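Asks: sharing a model prediction with you, sequence too.
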Amino acid sequence: MFDFDGVLTNDKTGSLTTTRYLSQRTGIEFSKLQAAFRRFNHDLTLGRTTHAAVWGDICADLGQTVALDLLEGAFESTPLSERMLAVARGLRPRYSVGIITDNKKDRMDALKRLHDLPRLFNPIVVSAEVGLSKHDARMFLGALQLLRTEPEECIFIDNSKDNLVAPHSLGIKTIWFDDEKQDFEALLTALRAHGAIAGDA
């Protein structure tokens, strides 16, 4: 099971990707966009609201009207990590390969369509769809039920050590990916140690 942003993508967060794109398209200062989105981020990530519902408030904070349909392009600008996707593809013949992510539903829906993510990843567990975050072990229990497997048979990879606490408490094997260094050697070493890949892979 892979985290999404910072693991399967080259940006640490989806908020970074979205606000950077909108800043480039509109000329609005990046930090101003970040501040406008930040107060809604928690509720969007847990599915308690939608971008469409809060867009008027975001525009009010920005002091100008921004077209809502720019969001689709912002989502689609997400830079996927081809190296990490290659790791996932290498695991797919032998294992179920999935995603567990704290993310907005409309963003993940757009990226599923654009990149046909379900063809490689199943299940894709999104916080906004289940109303839980990766700090809550129930999110991982739900993924285990979908996989019909036991915790000790699973590995979860994330670029945040805080997000490894809940799955580790359940007995899921966890791997921290250093996205700052893009440390694929350490990742492959950890996968070998867990027996997920052969020693010469």
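Replies: Thanks, I have the structure now.
Asks: give me the phi and psi angles of residue 163.
Replies: Main-chain torsions, residue 163, degrees, to the nearest 10: phi -80, psi 0.
Asks: so what's it closest to, chain neighbours aside?
Replies: residue 134 (4.4 Å; C-beta to C-beta, 6 or more residues apart in numbering). C-beta here means a position set from N, CA and C on the backbone, and glycine is covered the same way.
Asks: element containing residue 90, please.
Replies: Taking DSSP states H and E as the definition, residue 90 sits inside helix 82-91.
Asks: same check on residue 20?
Replies: Element membership for residue 20, per DSSP H and E: helix 14-26.
Asks: residues contacting that helix, please?
Replies: When contacts are defined by C-beta atoms under 8 Å, 6 or more residues apart in numbering, helix 14-26 is touched by residues 4-5, 9, 11, 28-30, 33-34, 37-38, 41, 66, 70-71, 73-75, 77-79, 103-104, 107.
Asks: change it to 6 Å
Replies: For helix 14-26, the surrounding residues in contact (C-beta atoms under 6 Å, 6 or more residues apart in numbering) are 5, 11, 30, 33-34, 66, 70, 74, 77-78, 103, 107.
Asks: likewise for stretch 165-179?
Replies: Stretch 165-179 is contacted by residues 6-7, 135, 137, 140, 151-152, 154-157, 159, 161, 164, 187, 190, 194 when judged by C-beta under 6 Å, 6+ apart.
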